[in-house]
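*Asks:* from the sequence below, what's the structure:
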Amino acid sequence: MTVIALLADEGAAADVRAGFEEEGVPLAVDLVSGDAFELAREAARRSPLGLGVGGDTSRLVLVLAAASGHAYLEAPTAEARAFGRSAARVASRRPLALLAGGPFGRP
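*Replies:* Numbering: from 1, shown residues only. Predicted coordinates for the structure are as follows:
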């Protein structure tokens, strides 16, 4: 099954897509504008997996439809590729990888 992402930043979209590809998880991206959290909630509602990715020009958010009041993962768009890998691991029910410096590789 495919994860749905509603993203405002084309560069971040390419990096999120690359992170998903690295984990072997399909991702459908639509370029739209809006608030990252609200876009993630909408993507989760549309997704047969019940999770969605949303992003504006500054942050990325992963939301689970069953708990759409809170972000499950969140990162700045500068960390888009690592965020994509982590989100893909959540979608495929695999443990999150520990990256040097924190969950998204930050020092």
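
*Asks:* distance between the helix or strand where A14 lies and the chain's centre?
*Replies:* In the assignment (DSSP states H and E), A14 maps to helix 10-23. Remark: helix 10-23 is offset 9 Å from the chain centroid, using CA atoms, centre = their mean, to the nearest Å.

*Asks:* so what touches it?
*Replies:* By CB atoms under 8 Å, 6 or more residues apart in numbering, the surrounding residues in contact with helix 10-23 are 3, 5, 7, 26-27, 29, 31, 53, 55, 60, 77, 80-89, 92, 94. From N, CA and C alone the C-beta is placed, and that goes for glycine too.

*Asks:* which positions in it come out as buried?
*Replies:* A12, A13, D15, V16, R17, G19, F20, E23 (16 or more other CB atoms under 10 Å).

*Asks:* buried ones among the contacts of helix 10-23?
*Replies:* Buried members of the contacts of helix 10-23, counted by 16+ other CB under 10 Å: 3, 5, 7, 27, 29, 53, 55, 60, 77, 80-89.

*Asks:* so which of those residues sit within strands?
*Replies:* Cross-referencing the buried ones among the contacts of helix 10-23 against strands under DSSP state E gives V3, A5, L7, L27, V29, V53, G55, L60.

*Asks:* between the residues you listed, which is closest to E38?
*Replies:* For these, the residue nearest E38 by CB to CB is G55; the value is 11.0 Å.

*Asks:* centroid-nearest residue for this structure?
*Replies:* V53 (3.9 Å; CA atoms, centre = their mean).

*Asks:* check contacts around the closest residue to that residue other than its chain neighbours.
*Replies:* In this structure, V53 finds its nearest non-sequential neighbour in A5, 3.8 Å apart by CB to CB, 6 or more residues apart in numbering. Going by CB under 8 Å, 6+ apart, A5 touches A13, V16, R17, L27, A28, V29, D30, A43, G52, V53, G54, G55.
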